[in-house]
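Sequence first, predicted coordinates after that:
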Amino acid sequence: MAWVLVLVAGLLETGFAVCLKLSHGFTRLWPTVAFASFALGSFGLLTLALRRLDVGPAYAVWTGIGAAGTAIYGMVFLGDLVSTLKIVSISLVIIGVVGLQLSGSGH
C-alpha cells in the first residue's frame with residue numbers, strides 16, 4: 001500500500017510541475033491553486049508512505065515518476081521538443097524507478 005501512495009504522490013508531482021508552468025509565475029489564479037493543491041497532496045502522500053518505506057528508494061521513485069511524467073506531459077501536451085535522446089533518457093529514468101521500487105523494502 002505504501003508504494004501505491006508513492007505512485008500517486010509521483011503523479012501529483014507531475015501535476016504540480018505542470019501547473020507551476022501554467023501559472024506563469026503565480027500570476028494566473030487557477031493554475032496557482034491547482035499547483036498548491038497538487039503539491040500539498042504529493043508531499044502529504046509521500047510523508048505517509050515514508051512511515052513504512054526506506055527514504056532513499058521512496059524519494060527516488062517519487063522524483064523519478066514526477067520527472068518522467070512531467071517530461072512526457074510536456075512533449076505530448078505543451079509542445080516541448082521531442083528527440084530520440086530525450087525519449088531514451090526518460091526510458092532510463094523509468095527503468096531506474098522500477099529498479100528502485102523493486103529494491104525498496106517496507107518495515
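Ah, there it is.

Just give me the longest helix of the chain.
helix 55-77 (DSSP state H).

could you pull out the helices for this protein?
For the chain, applying DSSP H gives helices covering 2-22, 29-49, 55-77, 84-103.

excluding its backbone neighbours, what's nearest the residue nearest to the spatial centre of the chain?
Central residue of the chain (C-alpha atoms, centre = their mean): residue 66, 1.7 Å from the mean position. If the residues on either side of it in the chain are set aside, residue 66 comes closest to residue 13, at 3.1 Å by C-beta to C-beta, 6 or more residues apart in numbering. Where C-beta positions appear, they are placed from N, C-alpha and C, glycine not excepted.

Likewise for residue 46?
Sequence neighbours aside, residue 9 is the residue nearest to residue 46 in space, at 4.4 Å (criterion: C-beta to C-beta, 6+ apart).

What degree of burial does that neighbour show, as a neighbour count?
Residue 9: 25 surrounding residues under other C-beta atoms under 10 Å.

ok, now residue 67?
Residues near residue 67, counting by other C-beta under 10 Å: 19.

Ok, residue 40 next?
12.

Distance of it relative to residue 72?
Counting by C-beta to C-beta, to the nearest Å, the separation of residue 40 from residue 72 is 23 Å.

follow-up on the earlier one: so what pLDDT did the residue nearest to residue 46 get?
Residue 9 carries a pLDDT value of 98.

what residues are up against it?
41-46, 49, 62 (C-beta atoms under 8 Å, 6 or more residues apart in numbering).

If you rank the residues you listed by neighbours, which is first?
In terms of neighbours by other C-beta under 10 Å, the contacts of residue 9 top out with residue 62 at 27 neighbours.

what's the spacing between the closest residue in space to it that isn't next to it in sequence and residue 2?
Excluding its sequence neighbours, the residue lying closest to residue 62 (C-beta to C-beta, 6+ apart) is residue 10, at 4.9 Å. Residue 10 sits 13 Å away from residue 2, going by C-beta to C-beta.

that older thread, now for the residue nearest to residue 66, how many residues are close by?
25.
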